[in-house]
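> Make a model of this:
(2 chains)
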Amino acid sequence: MLSIVEVCKSFQSSGMNPFARPKVTRALDHVSLDARAGEIVALVGRNGAGKSTLMKILCTVVTPDSGQATVNGYDAVRQAAAVRRSIGLAGGDERSFYWRLSARQNLHLFAVLQNMPLKDIKPRVDELLDRFGLADKADVAFRNFSTGMKQRLALARSIMHNPRVLLLDEPNKGLDPLLQDSLKEFLTKELVERRGMTLLVATHDLDMAAAVAHRAALLDKGRLLFFGKPDGPEHLRALLKEAAGGNGDGFSMT
Amino acid sequence: MLYTIYKILLLVHKEFIKELSYRLSFFLQFFSTIMYTLIFFFVAKVFSSGASPIPSLEKYNGDYFSFVLIGLAFMGYINTGMRTFSNAIRVEQMLGTLEFILTTPTSLTVVLLSKLVWNFLYDSFHLFVYFVMGVFFLSARYTGESLWTVPIIMLLSLAAFSSLGMLSAGFIIIFKRGDPVNMFFSFGSILLGGVYYPIEVMPAAMQRAAEVLPITYTLRLMRDAIIRGAPLAELAPDLIKLTLLTALLLPVSLWFISFALRRAKHDGSLTHY
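Residues are numbered from 1 along each chain as shown, chains lettered A, B, ... in the order given. Below is the predicted model:
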């Protein structure tokens, strides 16, 4: 359903000195992984590990330097339009909504951008607002939403057109503990078991990764260090620490 | 096709809701349109108080107010064509919505077109205010004989300025800020294009330079049609030159914007601002 084969990607960054030679950062270094239909794969790693770059390649907004990424059988570079029809995306960035529009108007607009049949949009929007506990706030401007409400709306938007593959970036960011539990159940029971969606979840929450994922991919400095079934959150934490060489670049204590 | 039109209309509606939510800004822009009309009405009085008519305005009955009002009113359309695409990309980049839109099956062209339609409607409202103020409350004098040519001139002009706008957007995609196309053509248009004064008052070299700017043809055509009521046969040479300029600019612009998009996707900077 989703396959990444030997993908490499480097970026040039010029830093603050405009006269300095641009620094080349290798964001992904021969990364290969896959996700089968109805499977949840967690993408974990420290900041700058390459998780977002991988997601962006799968979303078709960044092209890889080499290697191949396919979603639902379509090549992310050569068949970008078909890939976009197959994916749903819920990013950690709440800015991806129009803040002056209401929740209902936002969902309606993005449903049209997803090319959904017009007759299906209104009932689907109502259904999702209800399902995500936002029905009573449907006509409130997005700018007045709490972080948790924004996150729920982002999730609602991502599944609106029933995509085959769902890409989630920090889906539990800003959610209270009860909502986090409810989210885990929704992802596993509703999206995967009932609808057979494939999920790629980028997260820093190792508990969540271990709880929902069938397999986890651990990235560090662009390299894939582990890809397989995680043996609980401590297993992932130990792998992360090992990759960081102890405690990593943590805060220094005085 | 119908779905794409609906999509564009929905995006225009989104702009309308956004605009309504900033009521003060809308009112202030309306107010500034009225102020500009009044300012140039009084400036025109200075010119009309002289004993001898101004030679370069003879063709327009020596009426500076009617002349400059067209420049002011259509400058909005010119800005729309020039800046819509680059502004739209920059705004969506800053709002954070660009990345999400690019992950949907909707092409960026549709989003940019919707902004063009919205700005065109918005400018038409201002155009209406300029002419209502000028004709009904002040002393602008126009003839309706060749008014039917105005939509043709406007559409051709919009195509020419949108081509420049696409070049400009390409620079914004690559460099984020700093857009030489917009700077060169905006300043060039105001200085050389005959917005505030007839190009005949400039030295010969500057008049020749004005001939490569689409605005020169747009404004000359508009004035000839609206002030003098010139027939189509008289407008034809400038219409042909404007068409040729557009035919030259459009393919270059389309190539450049698609190059800019490919490059930004490759260096991962498409959503940076």
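
> and the residue most central in space within chain B, what element?
Nearest to the mean C-alpha position of chain B, counting by Cα atoms, centre = their mean, stands residue B:78 at 1.3 Å. Following DSSP states H and E, one finds residue B:78 within helix B:64-95.

> chain center to that helix, what's the gap?
Distance of helix B:64-95 from the chain centroid (Cα atoms, centre = their mean, to the nearest Å) equals 4 Å.

> how deep is the residue in chain A positioned nearest to chain B tucked in, by neighbour count?
Closest residue of chain A to chain B, Cβ to the nearest Cβ: residue A:95 (2.8 Å). All C-beta spots, glycine's among them, are computed from the backbone N, C-alpha and C. Number of residues near residue A:95 (other Cβ atoms under 10 Å in any protein chain shown) recorded here: 14.

> Now it. Nearest residue, chain neighbours left out?
Spatial nearest neighbour of residue A:95, excluding adjacent residues (Cβ to Cβ, 6 or more residues apart in numbering or on different chains): residue B:96 at 2.8 Å.

> and the one you found, how many residues sit next to it?
Residue neighbour count, defined by other Cβ under 10 Å, stands at 17 for residue B:96.

> quick one: pLDDT of it?
For residue B:96, the model assigns a pLDDT of 80.

> which bits of the stretch 1-150 of chain B sit near chain A?
B:3, B:6-7, B:10-11, B:14, B:17-18, B:21, B:95-97, B:99-106 (Cβ under 8 Å from any Cβ of the partner chain).

> In helices, which of those fall?
Residues of those located in helices (DSSP state H): B:3, B:6-7, B:10-11, B:14, B:17-18, B:21, B:95, B:97, B:99-102.

> Buried among those? Need that as a selection in ChimeraX.
Here the buried members of those are turned into a ChimeraX selection, burial being counted by 16 or more other Cβ atoms under 10 Å in any protein chain shown:
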select /B:7,10,11,14,95,97,99,100,101,102
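
> could you pull out the helices for chain A?
Along chain A, counting by DSSP H, helices occupy A:51-58, A:80-86, A:103-113, A:118-131, A:147-159, A:177-185, A:206-212, A:233-244.

> same check, this time on the stretch 101-250 of chain B
Using DSSP state H, counting those that start in this stretch, the helices of the stretch 101-250 of chain B run over residues B:108-131, B:150-175, B:180-192, B:204-210, B:214-226, B:232-267.

> Out of those helices, which gets nearest to residue A:42?
Nearest to residue A:42 among those is helix B:232-267; the distance by Cβ to Cβ comes to 26.5 Å.

> So what's the residue count around residue A:84?
By other Cβ under 10 Å, 24 other residues sit near residue A:84.

> Find the nearest non-adjacent residue to it, please.
Computed as Cβ to Cβ, 6+ apart, the closest residue to residue A:84 that is not its neighbour in sequence is residue B:105, at 4.9 Å.

> Can you say which of the helices of the stretch 101-250 of chain B is packed in most?
Of all these, helix B:214-226 carries the top mean neighbour count, a mean of 25, counting by mean count of other Cβ atoms under 10 Å in any protein chain shown.

> elements contacting that one?
Using 3 or more Cβ pairs under 8 Å, 6 or more residues apart in numbering or on different chains; DSSP states H and E, the elements in contact with helix B:214-226 are helix B:64-95, helix B:150-175, helix B:232-267.

> Now with 10 Å, please.
Counting contacts by 3 or more Cβ pairs under 10 Å, 6 or more residues apart in numbering or on different chains; DSSP states H and E, helix B:214-226 packs against helix B:64-95, helix B:150-175, helix B:180-192, helix B:204-210, helix B:232-267.

> chain center to it, what's the gap?
Centroid separation for helix B:214-226 versus its chain: 12 Å, with Cα atoms, centre = their mean.

> what angle separates that helix from helix B:64-95?
For helix B:214-226 against helix B:64-95, the angle by axes from the mean of the first three to the mean of the last three Cα atoms, to 10 degrees is 140 degrees.

> who's in contact with residue A:220?
Taking Cβ atoms under 10 Å, 6 or more residues apart in numbering or on different chains, we find residue A:220 in contact with A:44-46, A:48-50, A:226, A:239-240, A:242-244, A:248.

> rerun at 8 Å
A:45-46, A:49, A:240, A:243-244 (Cβ atoms under 8 Å, 6 or more residues apart in numbering or on different chains).

> where does chain B have low pLDDT?
Low-confidence regions of chain B, defined by pLDDT under 70, span residues B:49-53, B:177-178, B:271-273.

> now the residue of it found nearest chain A: how far from residue A:154?
The minimum distance from chain B to chain A, using Cβ to the nearest Cβ, falls at residue B:96 (2.8 Å). Residue B:96 is 12 Å from residue A:154, where distance means Cβ to Cβ, to the nearest Å.

> And for residue B:182?
From residue B:182 to residue A:154 the distance is 34 Å (Cβ to Cβ).

> what's the answer for residue B:73, then?
Relative to residue A:154, residue B:73 is positioned 43 Å away (Cβ to Cβ).

> what does residue B:203 give?
Distance from residue B:203 to residue A:154, counting by Cβ to Cβ: 59 Å.

> So between those two, which is more surrounded?
Taking neighbours as other Cβ under 10 Å, residue B:203 and residue A:154 compare with residue A:154 leading, 25 against 8.

> okay, the nearest residue to residue A:90 once chain neighbours are set aside: pLDDT?
Nearest residue to residue A:90 in three dimensions, chain neighbours excluded: residue A:158, at 3.9 Å (Cβ to Cβ, 6+ apart). Note on residue A:158: pLDDT of 93.

> How about the one 5 residues further on?
pLDDT, the model's per-residue confidence, is 93 for residue A:163.

> was I right about it contacting residue A:86?
Yes: here residue A:163 lies in contact with residue A:86, judged by Cβ atoms under 8 Å, at a distance of 6.0 Å.

> Can you list the low-confidence ranges for the stretch 1-150 of chain A?
Flagging of the stretch 1-150 of chain A using pLDDT under 70 yields the residue ranges A:14-19, A:92-94.

> hmm, 80 instead?
Applying pLDDT under 80 to the stretch 1-150 of chain A flags residues A:12-22, A:91-95.

> Distance of the residue of chain B closest to chain A relative to residue A:213?
Distance, residue B:96 to residue A:213, by Cβ to Cβ: 27 Å.

> before we move on, back to that, among the helices of chain A, which is the most enclosed?
Comparing those by mean count of other Cβ under 10 Å gives helix A:51-58 as most buried, with a mean of 24.

> For that one, enumerate the helices and strands it packs against.
Packed against helix A:51-58 by the contact rule (3+ Cβ pairs under 8 Å, 6+ apart) you find strand A:2-13, strand A:23-35, strand A:40-45, strand A:66-71, strand A:165-169, strand A:198-202.

> I'd guessed residue B:60 sits against residue B:230; true?
No: with contacts counted by Cβ under 8 Å, residue B:60 stays clear of residue B:230, the gap being 11.1 Å.

> what about residue B:198, neighbour count?
Using other Cβ under 10 Å, residue B:198 has 21 neighbouring residues.
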